[in-house]
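> Any chance you could fold what I've pasted below:
(4 chains)
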2 protein chains.
Amino acid sequence: MIKPKQKRTLETRAKLIAQAKACIQEAGYEALRVEDVVAGAGVAKGTFFAHFRDKDALMEILIGAEMDALLDQAAAGAGPTDVEQIISRLHPLHSFVTCERYVFDLILRYSGAAAVAEIGPIAMTFGRYIELVTGWMPLGDYRKDVSADLLAEGVQAFAVQAMALQFCALHQTQRFDKRFARYLKAWLAPVS
Amino acid sequence: MIKPKQKRTLETRAKLIAQAKACIQEAGYEALRVEDVVAGAGVAKGTFFAHFRDKDALMEILIGAEMDALLDQAAAGAGPTDVEQIISRLHPLHSFVTCERYVFDLILRYSGAAAVAEIGPIAMTFGRYIELVTGWMPLGDYRKDVSADLLAEGVQAFAVQAMALQFCALHQTQRFDKRFARYLKAWLAPVS
DNA sequence: TAGGTAAAGTGACCGTGGTCAATATAAAAT
DNA sequence: ATTTTATATTGACCACGGTCACTTTACCTA
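Just a heads-up that it's a prediction; the model follows:
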């Protein structure tokens, strides 16, 4: 997949991705079937797996691209200067991550790379997330006794926790943003 | 599954669970095949699904039981009074949760219940974890500006984050316990 | 003890992700 | 133009989780 030489290869790959997007548009991520994608793209099943290691690899590409775009959006303009602003800036991204249970689970599963050579699109976005939030840390009145990087890791950990509880009926009395705000206010509060 | 009446039912269920444990003992959780379990238990495949909604439901029972036993162990005796003690007390549990990538992913997937009626064994253990840690909060010199319950939720969030990074080659320079300690020291530090 | 009925068990079958030896096509060499 | 070689494509096939109409068994009642 690193350097496809033939034009045909690129065309086939584009057809597969376009058809996958169309399927998802119609019925969501979880409902995606490899057989539908290849049928719609007019290629054989084996071709799919010549282009993508497995179904999840395609999902990673599609979901990773979406997350990347949302990260770009979050990174645009001047950084947020307080907790509320951080939360609303990240809202579109968190909203996408929790759009489907299936999507959330898949993202978590691929959020870490098993090896340096295996850093996939989703693992990349988790790195970007940390970088982005780290850059925001000097902009507000947050605690200074720990590094910006550690603070950012905590923000990510709390975001994941709040999103996970979003899917949990037992805890849905609190909306995601409200719970996340409670976490961040406690985590980022300046040590007086 | 709520009140099995016939003795036969209980026997079959016991055979299935025993065989599943044997399979896992031999090759780990991920390698478990329903076909092997039913073959070993001497029943038909359909019988398996009459006893368990799906394969994951059996996994939940087995993994949940293991986690419950480890929580009992962590809860025994006087509570830990500092971060290092908290970490070593939870070590056996965290160690089991990360014993296999497959196990970790499954636990995360079932850590929240979609509905009150669906609280499974694993979702229960996440509740117990919070309760346990909440009870430990008054025992040490931790911050008092947020509730013990919120602190416990944070401990859980950081534990999950540290475990997730455990599977990530990029971050394996730090061992789980060390990373978790870094998180907890920052999270639980008393506001001076 | 026989007959009836509800519960438990069966296994052929299906859906879907994934494989691979064979084939077709494009690019390079002659 | 023809042959050779590398690359892309094919589709029959497999593995494995899960289903369901049917059969068997256990228990209850007369």
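> Next one: A:Q85 from DNA strand D, what distance?
Distance, A:Q85 to DNA strand D, using Cβ to the nearest atom of the strand, to the nearest Å: 43 Å. C-betas here are computed from N, CA, C, even on glycine.
> any idea which helix or strand carries that residue?
helix A:83-97 (DSSP states H and E).
> Count the residues that sit near the closest residue in space to A:G112 that isn't next to it in sequence.
Among residues not flanking A:G112 along the chain, B:C168 sits closest, at 3.2 Å (Cβ to Cβ, 6 or more residues apart in numbering or on different chains). For B:C168, the neighbour count with other Cβ atoms under 10 Å in any protein chain shown is 16.
> Residues of chain A that sit close to DNA strand C?
Proximity of chain A to DNA strand C, by Cβ under 7 Å from any atom of the strand, involves residues A:5-8, A:32-35, A:45-46, A:49-50, A:54-56.
> Of the residues you listed - the most surrounded one?
A:L32 (19 neighbours).
> Would you check that that one makes contact with A:M59?
Yes. The criterion here is Cβ atoms under 8 Å, and A:L32 meets it with A:M59 at 7.5 Å.
> So which other helices or strands are in contact with the helix or strand that the helix holding A:Q85 is followed by?
Remark: after helix A:83-97, the chain's next helix or strand is helix A:101-109, criterion DSSP H and E. If contacts are counted by 3 or more Cβ pairs under 8 Å, 6 or more residues apart in numbering or on different chains; DSSP states H and E, helix A:101-109 sits against helix A:55-75, helix A:83-97, helix A:148-166, helix B:101-109.
> quick one: which two of the residues of chain A next to DNA strand C are the most distant?
Between any two of the residues of chain A next to DNA strand C, the greatest separation by Cβ to Cβ is 29.8 Å, found for A:K5 and A:R33.
> Show me what the helix holding A:Q85 is packed up against.
The elements that helix A:83-97 packs onto, with contact taken as 3+ Cβ pairs under 8 Å, 6+ apart, are helix A:55-75, helix A:101-109, helix A:121-136, helix A:148-166, helix A:176-188.
> Flag every residue of chain A that's near chain B.
Neighbours of chain B within chain A, by Cβ under 8 Å from any Cβ of the partner chain: A:105, A:108-109, A:111-116, A:118-119, A:123, A:145-146, A:150, A:153-154, A:156-158, A:160-161, A:164-165, A:167-171, A:182-183, A:186-187, A:189, A:191-192.
> one step back: what mean pLDDT does the helix holding A:Q85 get?
For helix A:83-97, mean pLDDT rounds to 98.
> tell me which residues in it are buried?
By 16 or more other Cβ atoms under 10 Å in any protein chain shown, the buried positions in helix A:83-97 come out as A:83, A:86-87, A:89-90, A:93-94, A:96-97.
> cool, stretch A:101-112 as well?
A:103-112.
> Stretch A:134-143 now?
Buried, per 16+ other Cβ under 10 Å, within stretch A:134-143: A:134, A:136-137, A:142-143.
> In contact with the residue nearest to A:F167 when sequence neighbours are not counted, which residues are there?
What sits nearest to A:F167 in space, not counting adjacent residues and going by Cβ to Cβ, 6+ apart, is B:G112, at 5.1 Å. Neighbouring residues of B:G112 by Cβ atoms under 8 Å, 6 or more residues apart in numbering or on different chains: A:164-165, A:167-171, B:123, B:126.
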